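**Q** mind looking at a prediction? Sequence and model below.
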Amino acid sequence: MSTNILSAKDIKREKHVIDADGQILGRLATKVATLLIGKHKANFVPYLDCGDFVVVTNAGKIKVTGKKMQAKTYTRHSGYPGGLRVETMEKLLVRRPTFIIEHAVSGMLPKNRLGRQMIKKLKVFAGEGNVN
């Protein structure tokens, strides 16, 4: 009896469209990360990108529990002295709602070239989006 070894040419990708309207951010990000990695498939192997394409619509209508809208912060730095920028989730949701989901999902993917390849299969739209 031999082990079935999966190669890159045997991978079949599907397209999943997820509506984020009214969904909790963490639970949505977990579901999306699982689909991108490919853990929902029977022929999953950790060293290949065997996940599917994921399209998330209505990113501006996600929900979070508790006081996270006012308390959770996103930090970036320009590289210059005094260049630290801190923004709350509430303000970022108005300015760039797609970034919140992308940031949450990328934190759940591997931190290597395989993870960078997986995140490219994610498309996030603030509204209904073009789901062709």
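**A** Noted; the coordinates are in hand.
**Q** what ranges of the protein fall below the confidence cut-off?
**A** Counting by pLDDT under 70, the chain shows low-confidence ranges at 1, 129, 132.
**Q** which residue is nearest the middle of it?
**A** Residue closest to the average C-alpha location in the chain (CA atoms, centre = their mean): Val105, at 3.0 Å.
**Q** correct me if wrong: it contacts Ala29.
**A** Yes - with contact defined as CB atoms under 8 Å, Val105 counts as touching Ala29 (4.9 Å). In short, each C-beta sits where N, CA and C put it, glycine included.
**Q** just checking, next helix/strand downstream of the helix or strand encompassing the residue nearest to the centre of the chain?
**A** Under the criterion of DSSP states H and E, Val105 resides in helix 97-106. Heading C-terminal from helix 97-106, the first helix or strand you meet, by DSSP H and E, is helix 113-119.
**Q** can you mark which positions in that next one are buried?
**A** Within helix 113-119, the residues scored as buried using 16 or more other CB atoms under 10 Å are 115, 118.
**Q** check stretch 12-29 too.
**A** Within stretch 12-29, the residues that count as buried by 16+ other CB under 10 Å are 18, 20, 23, 25, 28-29.
**Q** wait, doesn't Leu84 sit right on His77?
**A** Yes - checked against CB under 8 Å, the pair Leu84 and His77 is within contact range at 5.2 Å.
**Q** now the common contact residues for these two.
**A** Common neighbours of Leu84 and His77 (criterion: CB atoms under 8 Å, 6 or more residues apart in numbering): none identified.
**Q** and the helices in this structure?
**A** 25-37, 68-71, 89-95, 97-106, 113-119 (DSSP state H).
**Q** how far does the third one sit from its chain's centre?
**A** Spelled out, it's helix 89-95. For helix 89-95, the separation from the chain centroid amounts to 17 Å (computed by CA atoms, centre = their mean, to the nearest Å).
**Q** show me what that helix is packed against.
**A** Counting contacts by 3 or more CB pairs under 8 Å, 6 or more residues apart in numbering; DSSP states H and E, helix 89-95 is packed against helix 68-71, strand 73-77, helix 97-106.
**Q** how about 7 Å then?
**A** Helix 89-95 sits against helix 68-71, helix 97-106, with contacts defined as 3 or more CB pairs under 7 Å, 6 or more residues apart in numbering; DSSP states H and E.
**Q** thanks a lot, see you next time.
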